[in-house]
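Peer 1: Structure of the sequence below:
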Amino acid sequence: MKKTFGLASAFILAAGLAAGCSSNGTSSEQKENKDTLDIYTTIYPLEDFAKKVGGEYVNVKSVYPPNVEAHTYEPSSKTMAEISDSDAFIYSGVGVEGFADKAVNTLKNSNVKIVKAGEGIALLSREEEGEHDDHAHEEEHEHGEAEGHDHHHDHGDHDPHVWLDPVLAEKMAENIKDQLVKLDPEHEKTFTKNYESLKKDLEQLDKDFKQTVDKADKKEILVSHAAYGYWEKRYGIKQISVLGLSPTEEPSQKQLENIVKTAKEHNIKYVIFESNVSSKISEIIKKEIGAESLTMKNLESVTKEDIESGKDYTTIMKENLTVLKKALSNK
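Peer 2: Predicted coordinates:
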């Protein structure tokens, strides 16, 4: 069941936070006496990076339950109260968390440090990545105007899926490291050492992606959700997407016809679905072109199975790379 953080809850929480700030400083004193930093995060990469960089000096928890769809999830007022009593709240700041702006505004009344992990990252615009591929972009614009419908309401004009690019993920990890150092300067050497180790893993991942795409039979992939614009820019693939930047952005009938036509032109043999996003429309297209299904993980959240098996950002991205390699093959 989706938890909700409505306007009324926000006012109640704001009042509670104000009262908490005047309770003889008990909360602040407890924080000063702790050996570890209590940190809340949103999307999975931020949780993983914070744990790896902070090591034994952090206690990290994501606000997202396993396998959640990050675009629509909203935390409960209880969760928000717990965040307000922590040392830091780390979110992407790039537009993927629907509740973030409202939550951050409420948390200003507490002592929690607000961290934008995506600070300093230039986001791709829809024009740069040609969402839904070039074949559908113009028609999509006309369709939206004709029906008076804002087809792009969820993310504005920018792609928020920066964490899927290992190079940009490295920047997010660096931002987290810098904030941990500010919160706990005594352990700066440990945080820096841990970050450098993570950085090497991300650099190797970047090399692996480049080599895989360079050796591929084709560059086009058919995906259910337009989450891979940064792979287009970094590695030269071309995503043909059924849904938009948000899984709620569905194509028109004309766009569906163009997607099927383009997929057949490029001899697409696979449709890439995501573990936390379901799409009946994508299933229809799969049957129409006679394709097989593949599954990627967009890493907004992870499954219970992934957690129990000890997988992390790097191992899951390697699994994604294996899927991408198959999707780019003519076999």
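
Peer 1: Make sure residue 258 is indeed in a helix.
Peer 2: Yes - Residue 258: assigned to a helix according to DSSP: H, G, I helix; E, B strand; the rest coil.

Peer 1: helices or strands up against the helix or strand hosting residue 89?
Peer 2: Assigned by DSSP states H and E, residue 89 belongs to strand 88-91. Helices and strands touching strand 88-91, by 3 or more C-beta pairs under 8 Å, 6 or more residues apart in numbering; DSSP states H and E, are strand 37-41, helix 44-54, helix 100-107, strand 113-116, helix 166-183. Every C-beta, even on glycine, is put in place using the N, C-alpha and C of the backbone.

Peer 1: So for the longest one, mean pLDDT?
Peer 2: In this model, helix 166-183 has a mean pLDDT of 98.

Peer 1: elements contacting whichever helix or strand comes after that helix?
Peer 2: Reading on from helix 166-183 to the C-terminus, the next helix or strand found by DSSP H and E is helix 188-214. Where contact means 3+ C-beta pairs under 8 Å, 6+ apart, helix 188-214 is packed against helix 44-54, helix 166-183, helix 229-235, helix 313-327.

Peer 1: What are the contacting residues of the strand holding residue 89?
Peer 2: By C-beta atoms under 8 Å, 6 or more residues apart in numbering, the residues outside strand 88-91 that reach it are 37-43, 46, 50, 83, 97, 100, 103-104, 107, 112-117, 176, 179-180, 183.

Peer 1: what do you get if the cut-off is 6 Å, keeping everything else the same?
Peer 2: With C-beta atoms under 6 Å, 6 or more residues apart in numbering as the test, strand 88-91 has contacts from 39-42, 46, 83, 97, 100, 112-115, 117.

Peer 1: between those residues, which is closest to residue 67?
Peer 2: Nearest to residue 67 out of those is residue 42 (C-beta to C-beta; 14.6 Å).

Peer 1: right, and the closest one touches residue 97 too?
Peer 2: Yes - if you go by C-beta atoms under 6 Å, residue 42 and residue 97 touch, sitting 4.9 Å apart.

Peer 1: Having no further points to raise, I will conclude here.
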